[in-house]
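S.K.: no FASTA, just this:
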């Protein structure tokens with residue numbers, strides 16, 4: 001752990017937003033362990049009602065929260081408001097999911113007593129949050145974990161601690177005890193300390209594959225600790241035959257460039273059949289040139305804001321140029337209007353002729369285009385990745401989608417819908433480098449509590465009928 005101060009800045013303006021000292025991880029874990037028994041013993045109905053009070057608190061602070069999200073992430077105000085709505089909607093979804101997926105089950109038998117399945121919370125859970133959705137994504141772990149009876153130590157991204165603090169304050173105002181939900185300020189050192197701490201019973205992570213793999217490796221010898229990894233994707237968006245070019249272009253733009261491409265479900269690879277390539281690219285480039293890129297509160301409202309900081313913008317620029325040097329053909333150049341600010345215009349590059357295309361998540365507004373002869377080869381190209389989070393097919397027939405769904409390896413497979421914008425009422429997760437088979441959203445209840453099987457009788461009743469001496 002470091003003796004450091006962490007400061008966050010508005011990426012669009014450079015304004016200082018928040019500053020705080022690194023937390024003491026050992027102290028946070030000690031407080032959490034002392035708080036857990038009482039919270040776990042709190043009736044489920046009370047825990048759920050506390051979460052509903054959290055929604056009321058969030059509703060009264062919605063405008064301020066959206067403004068803070070927009071400032072600290074650089075995303076447009078309209079998008080920050082949708083994030084606040086998602087935070088509030090999570091509570092009822094999580095309550096329903098807990099009832100459906102971890103509800104108590106009983107089977108009575110006169111001779112064998114009662115068989116029962118109940119669920120117990122794990123204990124102290126660490127939530128490691130990302131910067132792209134600094135309220136919604138950690139909240140997607142926190143709410144179901146609290147409902148299940150766990151206590152939480154939440155470390156937000158060091159890039160977005162102000163939103164993390166505002167989220168935690170809202171829970172506390174709703175009646176969640178301060179030691180039941182704590183925020184730890186810090187960076188990689190504090191994150192590593194939480195992951196490896198003997199007093200932490202579970203790690204719920206959202207972020208890059210690189211960090212997720214490091215967490216998995218660190219805990220490989222400790223199977224007693226629950227680990228849920230939601231990582232990134234090199235997501236394919238396949239275009240087959242469709243006459244609706246304008247609609248298709250809109251779906252592509254929404255998939256690739258919403259949140260400046262900073263979504264784990266963003267389309268990274270646009271795979272187009274040869275017959276659709278020319279008309280589709282003409283329509284896509286025409287729409288892309290119209291997109292407004294500006295600061296969060298600009299008028300008219302921008303479609304997308306900046307990426308999170310200048311280091312990331314520099315890295316994305318280098319990645320785009322690397323594709324060009326390997327034979328990629330720029331169709332829309334990734335541009336940096338102001339070298340001192342992390343604004344990027346959408347970049348589109350044809351990498352059909354690039355050998356050994358890098359199978360990485362370029363976490364920004366970069367879309368690679370790959371031309372293929374037919375749908376079967378498009379499906380093969382879609383699977384040409386170690387990731388497996390989201391995939392979508394635009395156009396084609398019901399039979400085409402049936403073939404696409406059956407053969408594409410991903411946890412989210414859509415038809416004529418974007419690759420992003422997944423519903424919290426469904427499971428959310430992927431395979432390969434995208435996750436470790438612990439989907440979040442509606443299925444988060446599965447990793448927030450563990451099943452306990454019982455057979456029960458009110459009085460002991462048994463005999464040994466075989467193998468006794470006379």
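M.R.: Received the coordinates, thanks. Note that the structure is a prediction, hence the values are computed from the model and not measured.
S.K.: Check the gap between residue 372 and residue 238 for me.
M.R.: 9 Å (C-beta to C-beta, to the nearest Å). (C-beta placed from N, C-alpha, C; glycine too.)
S.K.: any residues in contact with both of those two?
M.R.: Residues touching both residue 372 and residue 238 (C-beta atoms under 8 Å, 6 or more residues apart in numbering) are 271-272, 378.
S.K.: export those residues to a markdown table and tack on pLDDT and secondary structure?
M.R.: Shown next, in a markdown table, are the shared contacts of residue 372 and residue 238 (pLDDT from 0 to 100; DSSP: H, G, I helix; E, B strand; the rest coil):
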| residue | pLDDT | secondary structure |
| --- | --- | --- |
| 271 | 98 | strand |
| 272 | 98 | strand |
| 378 | 98 | helix |
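S.K.: Give me the residue ranges of the stretch 101-250 of the chain where confidence is low.
M.R.: The model of the stretch 101-250 of the chain has pLDDT under 70 over residues 110.
S.K.: Would you map the strands across it?
M.R.: For the stretch 101-250 of the chain, the strands defined by DSSP state E, counting those that start in this stretch cover 105-109, 113-121, 124-128, 151-155, 181-183, 202-206, 226-230, 235-239.
S.K.: and the second one, how far from the chain's centre?
M.R.: What that stands for is strand 113-121. Distance, stretch centre to chain centre, for strand 113-121: 31 Å (C-alpha atoms, centre = their mean, to the nearest Å).
S.K.: picking up where we left off before, so which of the strands of the stretch 101-250 of the chain is nearest residue 440?
M.R.: strand 226-230 (5.5 Å; C-beta to C-beta).
S.K.: Give me the contacts around the closest one.
M.R.: 122, 125, 137, 141, 201-207, 212, 215-216, 219, 264, 428-430, 434-436, 438, 440, 444, 447, 450.
S.K.: The residues you listed, buried ones only, as a PyMOL selection?
M.R.: The buried subset of the contacts of strand 226-230, as determined by 16 or more other C-beta atoms under 10 Å, is captured in PyMOL by this line:
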select buried, resi 122+125+137+141+201+202+203+204+205+206+207+212+215+216+219+264+428+429+430+434+435+436+438+440+444+447
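S.K.: Okay, helices next: where are they in this protein?
M.R.: Counting by DSSP state H, the chain has helices at residues 25-41, 44-60, 62-73, 77-102, 136-148, 161-173, 188-196, 209-218, 245-257, 274-288, 310-325, 375-382, 398-407, 444-448.
S.K.: Indicate which one of the ones you listed is closest to residue 294.
M.R.: helix 77-102 (10.9 Å).
S.K.: what angle separates the closest one from helix 136-148?
M.R.: Per axes from the mean of the first three to the mean of the last three C-alpha atoms, to 10 degrees, the angle that helix 77-102 makes with helix 136-148 is 30 degrees.
S.K.: Give me the buried stretch members for helix 77-102, please.
M.R.: Within helix 77-102, the residues that qualify as buried are 77, 79-81, 83-84, 86-88, 90-95, 97-98, 101-102, counting by 16+ other C-beta under 10 Å.
S.K.: mind checking how far residue 26 is from residue 153?
M.R.: 11 Å.
S.K.: and if you look at residue 83?
M.R.: In this view, residue 83 and residue 153 are 22 Å apart by C-beta to C-beta.
S.K.: about what we covered before: export the shared contacts of residue 372 and residue 238 to JSON lines and append columns for neighbour count.
M.R.: Shown next, in JSON lines, are the shared contacts of residue 372 and residue 238 (neighbours: other C-beta atoms under 10 Å):
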{"residue": "271", "neighbour count": "26"}
{"residue": "272", "neighbour count": "27"}
{"residue": "378", "neighbour count": "25"}
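S.K.: Could you find the closest non-adjacent residue to residue 262?
M.R.: residue 132 (4.4 Å; C-beta to C-beta, 6 or more residues apart in numbering).
S.K.: tell me, how many neighbours does residue 166 end up with?
M.R.: Residues lying near residue 166 (other C-beta atoms under 10 Å) number 19.
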